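**Student:** coords below, sequence missing:
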């Protein structure tokens, strides 16, 4: 693995760093740059990675520069790096939602090799799902390096067109929160039914884990797995019929479309 710099020390940078360390990447080959010390010092303390408050220092160190700052900061950061050092042979990897290849390359003042990634937070457990799109400047070696970078924290899918990144945001990037919201609602209802907080958490957590594992370890369609536990006229049937009556599929579709629309707005600077 090449030397990697993270510009920004937020939740996604932390998730990827945890995954990289857990996959065996040497901490000495990772540096984190962040203006405020708290997060970067914590990462250095926990995982032994290098840390600095200087983006330029971090970029000079690295072969791969992971842009993990908030989208409204990314252009300023890119201009800073471009003005200060030769970035010709650097590979940039952006995890910023709603910031396009064209916008980043314009801020960098040249068409550098750039891979846009939409990961999700289960990357910290090595269970991430990332959509990836490579600019035309990315060569085979760089594509393989970025694939290895993100494969260290989960599964990846390469996209033929950049606009599919917004779809990945809706399907995977934002989606852990959808499941958390559903689990939270179930947990609250379990407590309403008289189970204590610990029992409610365990009931919901283990059921969700088991359901996900059944999907992973079974080649049958998800719809078939659902049908296999739904006896007509039974309790599960009653619950699912209520979901349908309340418009669950429409709610999910609307929510995912809202995520896509927001990503498109962000790309326009709104």
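**Tutor:** Yep, it's here. The model shown is predicted, which means the values in this text are computed figures rather than measured ones. Numbers count the residues shown, from 1 in each chain.

**Student:** Strands of the stretch 51-200 of the chain, start to end?
**Tutor:** Secondary structure of the stretch 51-200 of the chain (DSSP state E, counting those that start in this stretch): strands at 64-67, 91-94, 113-118, 128-134, 154-158.

**Student:** For those, give me JSON lines that also has mean pLDDT.
**Tutor:** Below are those laid out as JSON lines (pLDDT from 0 to 100):
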{"stretch": "strand 64-67", "mean pLDDT": "96"}
{"stretch": "strand 91-94", "mean pLDDT": "96"}
{"stretch": "strand 113-118", "mean pLDDT": "96"}
{"stretch": "strand 128-134", "mean pLDDT": "96"}
{"stretch": "strand 154-158", "mean pLDDT": "96"}
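
**Student:** I'd like to know which of those lies nearest to residue 81.
**Tutor:** Closest approach to residue 81 among those is made by strand 64-67 (7.4 Å; CB to CB). Yep, even glycine has a C-beta here, placed from its N, CA and C like the rest.

**Student:** Report the strands that pair with the closest one, each with its relative direction.
**Tutor:** Sheet pairing for strand 64-67, assigned by DSSP bridges, gives strand 4-7 (parallel), strand 91-94 (parallel).

**Student:** Report all helices and strands that the helix-or-strand element of the chain with minimal mean pLDDT contacts.
**Tutor:** One helix or strand of the chain scores below all others by mean pLDDT, DSSP states H and E: helix 11-22, with a mean of 87. Under the contact criterion of 3 or more CB pairs under 8 Å, 6 or more residues apart in numbering; DSSP states H and E, helix 11-22 touches strand 4-7, strand 30-33, helix 37-47, helix 140-151.

**Student:** Run through who's touching it.
**Tutor:** Helix 11-22 has contacts (CB atoms under 8 Å, 6 or more residues apart in numbering) with 1, 4, 6, 27, 30, 32, 39, 43, 47, 49, 66, 68, 95, 119, 121-126, 128, 149-150, 152-154.

**Student:** go on, stretch 210-229?
**Tutor:** The contact list for stretch 210-229 (CB under 8 Å, 6+ apart) reads 236, 240.

**Student:** measure it end to end?
**Tutor:** Between the start and the finish of stretch 210-229 there is a gap of 13 Å, counting by CA to CA, to the nearest Å.
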